[in-house]
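A structural model of the following input is requested.
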Amino acid sequence: MLDPLDPNASDHDTERRKSGLLGGLRASFLTGIVVIAPIGLTVYLLWTIMGWIDSVVLPLVPGPWRPEQYIGINLRGVGVIFFILFTIVIGWVAKGLIGRSLIKWAEGLVDQMPVVRSIYNGLKQIAETVFAQQDASFEKACLVEYPRKGIFAIGFISTNAKGEINRVAGGMDPLLSVFVPTTPNPTSGFLLFFKESEVTVLDMTVEDAAKLVISAGLVYPDEATAPETPLVRIPEKAVRESWR
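Coordinates of the predicted model:
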């Protein structure tokens, strides 16, 4: 408590108000950074990607089809629209009989080129793995003991191990294919095979587990449905006997 007879009391009070004001401004600034940074980076990345697609696609579009010829403004994103429409048309043609025949003929032609064949088959396999709608996503998040017993890592269960791997290493206990990502880049990691009894499936979603990995353990999901720990009740008779 400040002494009212102290001539420096008002100065101390003023300094306290200034420090409180600066602390509030600092907290508001940091909160604003947390809100603005993800939005700004997302907009910047989308804007950059659209510009890159426009620079690749628009030179291939005939001049009369470009809207800037009529409005005089170079609209960003026009190349993205042309690319989406072109991809839809190609996919529609590829699903038809003529399209499948042309693709088969072109792949047969590529198979006759040694270097081109290797590049094409590798890129085709990657594209089918990434964009295939079936069996392309992780099923559940889990905990595994890795890289040794007593240390736990978050993993993503992809599929049940099949074929030779499950037959050689699994034995009586089936194996699970688990992808263990690295932090903070979850796109790299290790494909490991664990026995089903060694994998602990988590209740959190795959998205929440990915956020936990990317944030290096700073962002934990809300455990709203966590089971309550039951209370251990001691009989009253036992309590009375313990005090005798």
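
residue ranges of the helices in this structure, please?
Counting by DSSP state H, the chain has helices at residues 9-57, 68-71, 78-94, 97-110, 114-131, 163-165, 206-214, 236-242.

go through these and name the closest to residue 157.
When these are compared for distance to residue 157 using CB to CB, the nearest one is helix 206-214, at 9.2 Å. To be clear about C-beta, it is placed using only N, CA and C from the backbone, and glycine gets the same treatment.

and residue 200, bridged to which residues?
Per DSSP bridges, the residues bridged to residue 200 are residue 143.

and the gap between it and residue 168?
Distance of residue 200 to residue 168, given as CB to CB, to the nearest Å: 24 Å.

about what we covered before: winner for burial among the helices of the chain?
helix 206-214 (a mean of 17; mean count of other CB atoms under 10 Å).

average pLDDT for stretch 95-104?
In this model, stretch 95-104 has a mean pLDDT of 80.

ok, now stretch 124-135?
64.

so where's the protein shaky on pLDDT?
1-18, 72-73, 129-137, 170, 223-244 (pLDDT under 70).

centre-most residue in it?
The residue lying closest to the centre of the chain (CA atoms, centre = their mean) is residue 210, at 5.2 Å.

mind listing what that one touches?
With contact set as CB atoms under 8 Å, 6 or more residues apart in numbering, residue 210 has these partners: 181, 186.

got it, and residue 102?
Contacts of residue 102 by CB under 8 Å, 6+ apart: none found.

distance of it relative to residue 212?
For residue 102, the distance to residue 212 (CB to CB) stands at 46 Å.

ok, back up a step: can you add distance to residue 142 and give the helices of the chain back as TSV?
Below are the helices of the chain laid out as TSV (distance: least, CB to CB, whole Å):
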stretch	distance to residue 142
helix 9-57	28
helix 68-71	52
helix 78-94	35
helix 97-110	38
helix 114-131	21
helix 163-165	18
helix 206-214	9
helix 236-242	41
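
so which of those helices gets nearest residue 150?
Closest among the helices of the chain, using CB to CB: helix 206-214, at 19.9 Å.

distance from that closest one to the middle of the chain?
7 Å (CA atoms, centre = their mean, to the nearest Å).

start at 46, not 1
Done: numbering now begins at 46, and the last item shifts to helix 251-259.

export that helix as CSV, just CAs?
What follows is helix 251-259, C-alpha atoms only, in CSV (Å, rounded to 0.1, in the frame of the first residue of the first chain):
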residue,chain,number,x,y,z
VAL,A,251,-5.9,-38.1,-37.5
GLU,A,252,-6.1,-34.3,-38.0
ASP,A,253,-5.6,-33.6,-34.2
ALA,A,254,-2.6,-36.0,-34.1
ALA,A,255,-1.1,-34.2,-37.2
LYS,A,256,-1.5,-30.8,-35.4
LEU,A,257,0.3,-32.3,-32.4
VAL,A,258,3.2,-33.4,-34.5
ILE,A,259,3.5,-30.2,-36.5
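
biggest strand in this structure, by residue count?
Ranked by residue count and defined by DSSP state E, the top strand of the chain is strand 197-205.

so which elements touch it?
strand 185-190, strand 220-226, helix 251-259 (3 or more CB pairs under 8 Å, 6 or more residues apart in numbering; DSSP states H and E).
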